[in-house]
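Participant: Here is my input, please return the structure:
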Amino acid sequence: MKVRKVGLFFMVIFFIAGVGLAYQTAGRTEVPVSGSDALYQKIEEQKSNFEWKAEDARIDSVWKKTPGIIGRSVDVEASYLKMKEKGKFDPKLLVFKLVKPKVSLSDLPPSPIYRGHPEKPMVSFLINVSWGEEYIPDMIETLNKHQVKATFFVDGAFAQKFNELVQMIEEEGHTIGTHGYNHKDMGRMTKEEARNNLEQADEWLFALTKTKVKYFAPPSGSYNMAAVEAAHEMGMETVLWTVDTIDWKKPTQDVLVNRVMGRIHNGATILMHPTEVTADSLPDLIESIKKENYRIGSLPTLLSEER
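Facilitator: Below is the predicted model of the structure:
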């Protein structure tokens, strides 16, 4: 009987102690983070100055398919905890959350792409290849020396004839797109004809690189919606340009570089071919672009949502 009473006594004690502990925990505030805290309020007031709005990919009335761009928001509580020790607002200690666009390029219907996002300080080289095989090794050497990746749109008939050059381009880490087969006018084709032409080119490009082509540049920029839809159904985006070197007219190096630099902009796609003047101008062109604080990225990088 005594043992029972002792056990009951301790049960009552533990119960009372537990209630007291629960009461203390419920009554205690863990968060010094509060709207009335001056530092917290300062972060709330300043955060809009450091945030970026995410933008969805869209079809522009002029520039057609335009990639979206990632945004960021300030994590106020995490930023407060990082600044709390200093006790003052410090932009370098802000903590951000990335905000992805809700609509990406792949969500959009078939449409050509002319440029990257207009807020992205990056440009990309598009090199259409149906001839000029003698200049490609020098161009690749220059691109590699300056750590620049380009996109080579290779004609299927060229790939059939110059296997090693196509493999060299791919092995050096450049993107390979398709220029169709035998430089045909895609703007005059039915969807079935366009698809057959692209499949003929793709057969050679895939055989040489073992990589599925994702980008199509129509010869001479001539296209119709049938060709765009055929490429889309094959998993390819149709790509045009916003800045043209017009290198096939054999300008001087100064004319070529000045022509590009006079038209360069955020998201620019710069069209060129493997010509003597292009190969000779490439070092100066790359340096001039970088001096204007543009990055030169591959086409997949330019069209990505990353800033």
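Participant: so Gly132 sits right up against Pro274, yeah?
Facilitator: Yes - when contacts are counted by CB atoms under 8 Å, Gly132 is listed as touching Pro274 (3.1 Å). (Each C-beta comes from the backbone N, C-alpha and C, glycine too.)
Participant: out of these two, which sits in the more crowded spot?
Facilitator: More crowded of Gly132 and Pro274, by other CB atoms under 10 Å: Pro274, with 24 against 19.
Participant: From what I see, the more buried one and Ile136 are in contact.
Facilitator: Yes - between Pro274 and Ile136 there is a contact under CB under 8 Å: 5.0 Å.
Participant: hey, what's in contact with both of those two?
Facilitator: Val129 (CB atoms under 8 Å, 6 or more residues apart in numbering).
Participant: Just give me how far the strand or helix carrying Tyr80 sits from the chain centre.
Facilitator: Element membership for Tyr80 (DSSP states H and E) is helix 76-83. Helix 76-83 sits 30 Å away from the centroid of its parent chain (CA atoms, centre = their mean, to the nearest Å).
Participant: And for stretch 60-79?
Facilitator: That offset, for stretch 60-79, works out to 12 Å (CA atoms, centre = their mean).
Participant: For that stretch, buried residues please.
Facilitator: Using 16 or more other CB atoms under 10 Å as the test for burial, stretch 60-79 gives 63-76, 78-79.
Participant: For that stretch, measure first residue to last.
Facilitator: 37 Å (CA to CA, to the nearest Å).
Participant: got it, and stretch 153-162?
Facilitator: OK, stretch 153-162 end separation, CA to CA: 14 Å.
Participant: Any buried residues in it, and which?
Facilitator: Phe153, Val154, Asp155, Gly156, Ala157, Phe158, Ala159, Gln160, Phe162.
Participant: and if you look at stretch 290-307?
Facilitator: Applying a neighbour-count criterion of 16+ other CB under 10 Å, one finds Tyr294, Ile296, Gly297, Ser298, Leu299, Thr301, Leu302, Leu303, Ser304, Glu305 buried in stretch 290-307.
Participant: I'd like those written out as TSV, with pLDDT added.
Facilitator: Formatted as TSV, the buried residues of stretch 290-307 follow (pLDDT from 0 to 100):
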residue	pLDDT
Tyr294	98
Ile296	98
Gly297	97
Ser298	96
Leu299	98
Thr301	97
Leu302	98
Leu303	98
Ser304	97
Glu305	97
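Participant: and which of the buried residues of stretch 60-79 is nearest Asp107?
Facilitator: Gly68 (9.4 Å; CB to CB).
Participant: Spit out the contact partners of the closest residue to the closest one other than its chain neighbours.
Facilitator: Distances taken as CB to CB, 6 or more residues apart in numbering put Pro101 closest to Gly68, at 3.5 Å, once the chain neighbours are dropped. Listed by CB under 8 Å, 6+ apart, the contact set of Pro101 reads Ala54, Glu55, Asp56, Ala57, Gly68, Ile69, Ile70, Gly71, Glu305.
Participant: What score does Pro101 have for pLDDT?
Facilitator: Looking at Pro101, its pLDDT stands at 97.
Participant: now the helices for the stretch 151-300 of the chain?
Facilitator: 156-161, 163-171, 191-209, 225-233, 253-261, 276-291, 299-302 (DSSP state H, counting those that start in this stretch).
Participant: still on that earlier bit, let me have the contacts of Pro101 in CSV, adding secondary structure as columns.
Facilitator: Rendered in CSV, the data for the contacts of Pro101 read as follows (DSSP: H, G, I helix; E, B strand; the rest coil):
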residue, secondary structure
Ala54, coil
Glu55, strand
Asp56, coil
Ala57, coil
Gly68, coil
Ile69, strand
Ile70, coil
Gly71, strand
Glu305, coil
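Participant: Identify the farthest-apart pair in those residues.
Facilitator: Every pair of the contacts of Pro101 checked by CB to CB; the farthest is Ala57 and Gly71, at 13.3 Å.
Participant: Leu205 - how many residues pack around it?
Facilitator: The number of residues near Leu205, taken as other CB under 10 Å, comes to 24.
Participant: before we move on, what about Pro118?
Facilitator: 14.
Participant: what does the helix or strand harbouring Ser73 rub up against?
Facilitator: Counting by DSSP H and E, the element that carries Ser73 is strand 71-74. Applying CB under 8 Å, 6+ apart, the external contacts of strand 71-74 come out as 43, 47, 50-55, 94-101.
Participant: Can you tell me which of those residues are buried?
Facilitator: Using 16+ other CB under 10 Å, the buried ones in the contacts of strand 71-74 are Ile43, Lys47, Ala54, Glu55, Leu94, Phe96, Pro101.
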